[in-house]
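Q: sequence and predicted structure are below.
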Amino acid sequence: MTTKIGVLVMSYGTPESLEDVEAYYTHIRRGNAPSAEQLKELKDRYEAIVGGVFPLRENTDRQVASLQSALSGDELDKEIEYVCYQGLKHARPFIEDGVEAMAKDGITEAVGIVLAPHYSTMSVGTYIKRAKEKAETCGVNINFVESYHLHPQLIEVLGRRVSAKLELFAEAGAGKDDIRVLFSAHSLPERILSIGDPYREQLLETSQAVADKAGVTSWQFTWQSAGRTAEPWLGPDVLDTLRELSKEQVEYVLVAPVGFVSDHLEVLYDLDIEAQAVAAELDMRLMRIESLNSDPAYMAVLSDVVRTQAAQMKVTES
Ligand SMILES: CC1=C(CCC(=O)O)c2cc3nc(cc4[nH]c(cc5[nH]c(cc1n2)c(C)c5CCC(=O)O)c(CCC(=O)O)c4C)C(CCC(=O)O)=C3C
Ligand SMILES: [Fe+2]
């Protein structure tokens, strides 16, 4: 007898095409269309990183397919059949579409997980809220993985990626003390701190653990990709951090964007184009660690936390 468990794999979502950027941006802005100027600015950034398929779409598709394989591969787990569904925050298939597809397939028990390791009420919290609300109306019992920011295999794979780039710097002649490692993540409005949100703390915990794993002593945490709104966002921003480090005569900088798991705008544009340009201006060498994308080590992290979550549910055999 096998029990079917749905796995709602949630991610931010990206436009399907350049024409789709306006609708996507409007969705992010909760239905308020961007100004012509804002739209052009975002389109220009996408144009700089897109060669055909939008990278995040390709990466999310691959991650969901790879997680499906990872969850199907285990002979020991034959009494549970996991079926993955994609649910995106700001693009099709939306979170609600994923839940509906599960229900249509007759699934009544599900686990939800976000392709972002750190919990914030403003990020993962809103994915969960939407999935839960839809699941209630569809008769699907769904439980969520809220965060996995200290999973040993996650720390291990990120540590390896940091070490790999540090070796490249060493080959280029950098001494260990000449290199600064910058851990980074998407900024959020400062007000999250006053409501006891765990986001910042979890990011610092990941950073410390990865630094320890890679034997890095000279590191700091910095934010990136802050929204362009009137309210204050968490800082310092990575571009300001680079300028500060330049004043300290730091020549080699390795950015580890541990808040992200895929190549997308914040990595391919905000770091690889924008931050690289600032580093060049300051005559600094900037590298970043490679994104996890569908690395089997990351898939092992996801399948482990999904299985653990499923085991905690009272599953009724079908
Ligand atoms: C915490 C967080 C994550 C990480 C966790 C997670 O992954 O969930 C994340 C990821 C992403 N953010 C992305 C894209 C965008 N985010 C924007 C705007 C915003 N992000 C916010 C938060 C986050 N965002 C917030 C509070 C806003 C302000 C508007 C609002 O209050 O909601 C805007 C508008 C323009 C701009 O401000 O730049 C864009 C285009 C993409 C896709 C990139 C691609 O398509 O390649 C990804 C993976
Ligand atoms: Fe965002």
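A: That came through, no problem. Ligands and ions are numbered 1, 2, ... in the order given.
Q: export the helix or strand where Val181 lies as CSV, just CAs?
A: Taking DSSP states H and E as the definition, Val181 sits inside strand 179-186. In CSV, the C-alpha atoms belonging to strand 179-186 read as follows (Å, rounded to 0.1, in the frame of the first residue of the first chain):
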residue,chain,number,x,y,z
ILE,A,179,40.6,38.4,1.3
ARG,A,180,37.3,39.4,2.8
VAL,A,181,34.3,37.1,2.5
LEU,A,182,30.9,38.8,2.2
PHE,A,183,27.8,36.8,3.0
SER,A,184,24.8,38.4,1.5
ALA,A,185,21.0,38.1,1.2
HIS,A,186,18.0,40.1,-0.1
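Q: what mean pLDDT does stretch 249-264 get?
A: For stretch 249-264, the mean pLDDT works out to 98.
Q: how far out from the middle of the chain is that stretch?
A: The chain centroid and the centroid of stretch 249-264 are separated by 13 Å under CA atoms, centre = their mean, to the nearest Å.
Q: what's around Gly112, how many residues?
A: 29 (other CB atoms under 10 Å). Yep, even glycine has a C-beta here, placed from its N, CA and C like the rest.
Q: ok, now the one 5 residues further on?
A: Counted with other CB under 10 Å, the burial measure for Pro117 works out to 27 neighbours.
Q: can you check Tyr148 too?
A: Using other CB under 10 Å, Tyr148 is surrounded by 23 other residues.
Q: quick one on the thing from earlier: what lines up beside the strand holding Val181 in the sheet?
A: Strand 179-186 has the following sheet partners, assigned by DSSP bridges: strand 219-224 (parallel), strand 252-256 (parallel).
Q: what's it in contact with?
A: Residues from elsewhere that reach strand 179-186 (CB atoms under 8 Å, 6 or more residues apart in numbering): 118, 123, 162, 166, 169, 199, 203, 206-207, 210-211, 214, 216, 218-225, 238, 241, 245, 250, 252-260, 266, 271.
Q: of these, buried ones?
A: 118, 123, 162, 166, 169, 199, 203, 206-207, 210-211, 214, 216, 219, 221-225, 238, 241, 245, 250, 252-260, 266, 271 (16 or more other CB atoms under 10 Å).
Q: so who does the residue lying closest to Leu188 once chain neighbours are set aside touch?
A: Spatial nearest neighbour of Leu188, excluding adjacent residues (CB to CB, 6 or more residues apart in numbering): Met122 at 5.4 Å. Contact analysis of Met122 by CB under 8 Å, 6+ apart lists 188-189, 192, 197, 199.
Q: out of those, who's near ligand 1?
A: Applying CB under 6 Å from any ligand atom to the contacts of Met122, one finds that Leu188 fall near ligand 1.
Q: any idea which of the contacts of Met122 is closest to Leu150?
A: Tyr199 (14.0 Å; CB to CB).
Q: need the residues of the stretch 51-200 of the chain near ligand 1, please.
A: So the stretch 51-200 of the chain meets ligand 1 at 56, 116, 120, 122-123, 186, 188 (CB under 6 Å from any ligand atom).
Q: at 5 Å instead, please
A: 56, 116, 123, 186 (CB under 5 Å from any ligand atom).
Q: just give the nearest non-adjacent residue to the third one, would you?
A: The shortest distance from Ser123 to any non-neighbouring residue, by CB to CB, 6+ apart, is to Ala116 (6.2 Å).
Q: return the residues in contact with the one you found.
A: Contacts for Ala116 (CB under 8 Å, 6+ apart) come out as 11-12, 123-124, 259-261.
Q: at 7 Å what do you get?
A: Listed by CB atoms under 7 Å, 6 or more residues apart in numbering, the contact partners of Ala116 are 123-124, 261.
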